[in-house]
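1. Predicted structure and sequence below. I'll ask about it afterward.
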Amino acid sequence: MASSTSPATYWSGTVARPAGQYSGSVSRWSSSASIPAARRAAGLVAGLVAGIFIGVGCAGADRSTVDILAASSYTDVAEPLEVLLEEELGVEVEFSFGSSGSFLEQIRQGAPASVVITADSATMQRISNAGLVDSVVSIATNELVIVAADTAGGRGIESVTDLRSSDVLVVLCASSAPCGAATDALLEGIGLDVDAASREPNVKATLTKVRLGEADAAIVYRTDALASPGLRAVAIAQADNVQVTSRAAAVVGRQDAMRVLEVLTEPAAMAVLATAGFGSP
Amino acid sequence: MNRRPPAWVFAMAAVPALLLGVPLCALMWRLPWSNLGAALSSDAATSALVLSLVTSLIATALCVVFGLPLAWALASGTGTTTRVVRALCLLPIVLPPVVGGVALLLAFGRQGIVGQWLADVGVQLPFTTAGVVLAQTFVALPFFVLSVEAALRQLDVEYADVAIVHGASPFRAFVAVTLPSVGPAVLAGAVLAWARALGEFGATVTFAGSLEGRTQTLPLAVYDLLERDPADAVVLSAVLVVVAVSVLVGLRDRWFGVFRSDATT
């Protein structure tokens, strides 16, 4: 629970290894005049800092790992996908998860990702508009569902309108996360005003609050409900439901990304995604 | 007179100084001056700012009110209980705040070992402003207690003893004699605790969730904004920096007085 559902989805990229050795030389200390001392100090700082950055840069360059930045809704399906990708590509594949909403900034700041998978198409559109990715493909669809805990408030929930009851403690995704945007669209579409106790940063954090029994119900993706057998899933009428299309794309300048995208759109990957509850795009 | 340290010491010292300074400069450098007003007057920003100030100040008050007796008890004790409680006091400093939040949920959540009794009498802490205060107090308390306890331990107990000999109760002696001499440490501890409470993120989002106006404090608003509008997030971050810096500057004399060797004895 702790790693995958940590509410604070801090960026968990490859840990930069510190520079192995320091190349500058420290001359023996002497009580020389302060100007040469200051100059020597400045040189040392430059050497030290350069050493650290060169070391970190090297650590990042010679990896044979393909890093995939994926929406947190992919947490449960990552392991079989990783196995499939590693078999097909013959390289190490490393997933890291977060709210799709945070990916734009992460990639812009140089997150070591070759492929990015967002939970919805609007988020990918923003990343694409910023010129950070190309070769966008749709890989799966998902839809919203209610999960209810086995609590006094949760047992009575039969439909989305029951979420309005003041006896039910509801948590929803934050509007900045795709699941929250979809939830807003859903509630707006049926004209329902739900008084949420919290707007959690991503779908997994939202789910966790219900899993722990702290909240009675939440609106999450169908895949999340399937991955939580302890919770009762309450379907949302097809006519009201909001479907999201999950997209994958290659981060600009990453040659290793294209093969990943190919594998992700092959029938084998679709089958893995279907098992987890994703629909085909 | 201190001898000047060798050059390489300054070289080494510059690295951490830059590490601390550069990110702050970058934050100020990237500040979008043109939409500063709009970013600050948005509902999310003002409610987060107000909520943060109110909750962190209440948390600080709680730290002082309950932390002083705890520090006094710890400073006067030597037994196993004292050592265990002191270790407990250190724990929130070492613990990742998210873990603290999980622990708080398991204790004071609706299904928690204490929380289920609270729920029976109608008290709910998760997802409430009170929950935010509790999370902040949990992470901030150690800074106050350890700061005050260290000062109390260094204190010469004779003055308080004299007061007691002359008929003052131990409480009276503590308030009238001991407390004034550890005043700077109390202030420093309170400021540290307040700063920690103001910046609290992990325990808050885990235990109290994030809802504008109720539990979304400034750090949570920054995190949320970073995904929607990074420029506004920078503005709110700068607010946190300015608030923190003004407090440090405002208190600098008394603040640094604590750490001067001649001030505490």
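-> Looks like it came in fine.

2. how about whatever residue of the stretch 101-250 of chain B ends up closest to chain A, secondary structure?
-> Here the stretch 101-250 of chain B gets closest to chain A at one residue, B:Gly209, 2.7 Å apart by C-beta to the nearest C-beta. For the C-beta atoms, the positions are set from N, CA and C on the backbone; glycine is no exception. Following DSSP: H, G, I helix; E, B strand; the rest coil, B:Gly209 is assigned to coil.

3. Distance-wise, check it relative to A:Ala174.
-> According to C-beta to C-beta, to the nearest Å, B:Gly209 stands 10 Å off from A:Ala174.

4. Could you do B:Val157 as well?
-> Note on B:Val157: its distance to A:Ala174, by C-beta to C-beta, is 54 Å.

5. for A:Ser73, same thing?
-> 14 Å.

6. higher neighbour count, the two?
-> Neighbours were counted for A:Ser73 and for A:Ala174 using other C-beta atoms under 10 Å in any protein chain shown; A:Ser73 has more, 34 against 30.

7. Was I right to think the more buried one contacts A:Arg222?
-> No. Applying C-beta atoms under 8 Å as the test, A:Ser73 and A:Arg222 come out as separate, 9.6 Å apart.

8. Spell out which residues are contacts of both of those two.
-> A:Asn142 (C-beta atoms under 8 Å, 6 or more residues apart in numbering or on different chains).

9. What number of residues are in the vicinity of B:Leu152?
-> The local packing of B:Leu152 (other C-beta under 10 Å) involves 22 other residues.

10. And the one 3 residues further on, by the same measure?
-> The local packing of B:Leu155 (other C-beta under 10 Å) involves 18 other residues.

11. what does B:Thr46 give?
-> Counted with other C-beta under 10 Å, the neighbours of B:Thr46 add up to 12.

12. That one: what secondary structure?
-> Per three-state DSSP, B:Thr46 ends up helix.

13. That one and chain A: what is the separation?
-> To chain A, B:Thr46 is 18 Å away according to C-beta to the nearest C-beta, to the nearest Å.

14. show me what contacts that residue?
-> Applying C-beta under 8 Å, 6+ apart, the residues contacting B:Thr46 are B:Leu40.

15. Going by neighbour count, which residues of stretch A:81-92 are buried?
-> By 16 or more other C-beta atoms under 10 Å in any protein chain shown, the buried positions in stretch A:81-92 come out as A:81-82, A:84-85, A:88.

16. Off-centre distance for it?
-> Centre-to-centre, stretch A:81-92 and its host chain are 20 Å apart (C-alpha atoms, centre = their mean, to the nearest Å).

17. Tell me who's in contact with the residue of chain A found nearest chain B.
-> Residue nearest to chain B within chain A: A:Ser198 (2.7 Å; C-beta to the nearest C-beta). With contact set as C-beta under 8 Å, 6+ apart, A:Ser198 has these partners: A:171-172, A:209, A:215, B:127, B:208-211, B:215.

18. change it to 6 Å
-> Listed by C-beta atoms under 6 Å, 6 or more residues apart in numbering or on different chains, the contact set of A:Ser198 reads A:171, B:127, B:209-211.

19. Local confidence estimate at residue 147?
-> No chain in the question, so chain A it is. Looking at A:Val147, its pLDDT is 94.

20. Chain B, not that one
-> Looking at B:Ser147, its pLDDT is 91.

21. Helix, strand, or coil at the closest residue to it other than its chain neighbours?
-> Excluding its sequence neighbours, the residue lying closest to B:Ser147 (C-beta to C-beta, 6 or more residues apart in numbering or on different chains) is B:Gly189, at 3.3 Å. Following three-state DSSP, B:Gly189 is assigned to helix.

22. B:Gly189 contacts B:Val145, correct?
-> No. Using C-beta atoms under 6 Å, B:Gly189 is not in contact with B:Val145; the gap is 7.4 Å.

23. So for chain B, the centremost residue is which one?
-> What sits nearest the mean C-alpha location of chain B, by C-alpha atoms, centre = their mean, is B:Ala193, with 2.2 Å.

24. In contact with it, which residues?
-> By C-beta under 6 Å, 6+ apart, the neighbours of B:Ala193 are B:60, B:63, B:140, B:143-144.

25. For B:Val247, see how far away B:Leu57 is.
-> 12 Å.

26. Please disregard the earlier target; I meant A:Ser159.
-> 51 Å.

27. neighbour-wise, which of these two wins?
-> B:Val247 (15 against 12).

28. Quick check: the more buried one is in a strand.
-> No. Using three-state DSSP, the secondary structure at B:Val247 is helix, not a strand.

29. quick one on the thing from earlier: apart from its chain neighbours, what residue comes closest to the residue of chain A closest to chain B?
-> B:Gly209 (2.7 Å).

30. what residues are up against that neighbour?
-> By C-beta under 6 Å, 6+ apart, B:Gly209 lies in contact with A:198, B:127, B:215.

31. same check, this time on B:Leu179
-> By C-beta under 6 Å, 6+ apart, the contact set of B:Leu179 is empty.

32. Now name the helix or strand holding it.
-> Secondary structure assignment for B:Leu179, by DSSP states H and E: helix B:179-181.

33. isn't there a helix covering A:Val145?
-> No. Using three-state DSSP, the assignment for A:Val145 is strand, not a helix.

34. Count residues in the vicinity of B:Phe143, would you?
-> 24.

35. same check, this time on A:Asp150
-> Counted with other C-beta under 10 Å, A:Asp150 comes out at 11.

36. Can you flag which of the buried residues of stretch A:81-92 belong to helices?
-> Under the assignment DSSP state H, the buried residues of stretch A:81-92 contribute A:81-82, A:84-85, A:88 to helices.

37. Show the low-confidence segments of chain B, by residue range.
-> Counting by pLDDT under 70, the low-confidence segments of chain B come to B:1-2, B:250-265.

38. on that earlier part again, and the buried residues of stretch A:81-92 as a markdown table, adding pLDDT and distance to A:Ala239?
-> Output for the buried residues of stretch A:81-92, formatted as a markdown table (pLDDT from 0 to 100; distance: C-beta to C-beta, whole Å):
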| residue | pLDDT | distance to A:Ala239 |
| --- | --- | --- |
| A:Leu81 | 92 | 32 |
| A:Glu82 | 92 | 37 |
| A:Leu84 | 93 | 35 |
| A:Leu85 | 91 | 37 |
| A:Glu88 | 89 | 39 |
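
39. returning to that earlier point: can you give me the distance of the residue of chain A closest to chain B to A:Ser121?
-> Counting by C-beta to C-beta, the gap from A:Ser198 to A:Ser121 is 26 Å.

40. ditto for B:Gln216
-> As for B:Gln216, its distance to A:Ser121 is 27 Å (criterion: C-beta to C-beta).

41. Between these two, which has more neighbouring residues?
-> Neighbours were counted for B:Gln216 and for A:Ser121 using other C-beta under 10 Å; B:Gln216 has more, 26 against 18.
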